[in-house]
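Chemist: Sequence isn't available, so here's the structure alone:
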């Protein structure tokens, strides 16, 4: 679970930095907000017992 969250956030931050380098702050903001929601959903699925680690096995980010 934490690996999936980390990779998702890391990729979103990397993409957002690239967006900001091109002065596209709105896109950077949207990426970060979406990543925040997605990671919260992953965490809540884990907390609720609906998280399936088998889905993460082949996930590279």
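Modeler: Received it, and whenever you're ready, just let me know what you need. Since the model is a prediction, treat every value here as computed from it, not as a measurement.
Chemist: could you point out the longest helix in this protein?
Modeler: In the chain, with assignment by DSSP state H, the single longest helix is helix 25-48.
Chemist: Mind giving me the packing neighbours of that one?
Modeler: helix 2-21 (3 or more Cβ pairs under 8 Å, 6 or more residues apart in numbering; DSSP states H and E). To be clear about C-beta, it is placed using only N, CA and C from the backbone, and glycine gets the same treatment.
Chemist: tell me the contacts of the most centrally placed residue in the chain?
Modeler: Averaging the C-alpha coordinates of the chain gives a centre point, and the residue nearest to it by Cα atoms, centre = their mean is residue 8 (3.1 Å). Taking Cβ atoms under 8 Å, 6 or more residues apart in numbering, we find residue 8 in contact with 35, 38-39, 42, 61.
Chemist: Also residue 20?
Modeler: residue 28.
Chemist: how close does residue 30 sit to residue 48?
Modeler: Using Cβ to Cβ, to the nearest Å, one gets 27 Å for the distance from residue 30 to residue 48.
Chemist: more crowded one of the two?
Modeler: Per other Cβ atoms under 10 Å, whichever of residue 30 and residue 48 has more neighbours is residue 30, with 14 against 8.
Chemist: who are the neighbours in contact with the more buried one?
Modeler: By Cβ under 8 Å, 6+ apart, the contact list for residue 30 is empty.
Chemist: Equivalent analysis for residue 9, please.
Modeler: Taking Cβ under 8 Å, 6+ apart, we find residue 9 in contact with 35, 39.
Chemist: can you check residue 47 too?
Modeler: If a contact means Cβ under 8 Å, 6+ apart, then residue 47 has no contacts.
Chemist: cool, residue 25 as well?
Modeler: Residues near residue 25 by Cβ under 8 Å, 6+ apart: residue 19.
Chemist: And the pLDDT for residue 53?
Modeler: Note on residue 53: pLDDT of 67.
Chemist: so where's the protein uncertain?
Modeler: 51, 53-61 (pLDDT under 70).
Chemist: do you know how far the residue nearest to the centre of the chain is from residue 23?
Modeler: Distance, residue 8 to residue 23, by Cβ to Cβ: 25 Å.
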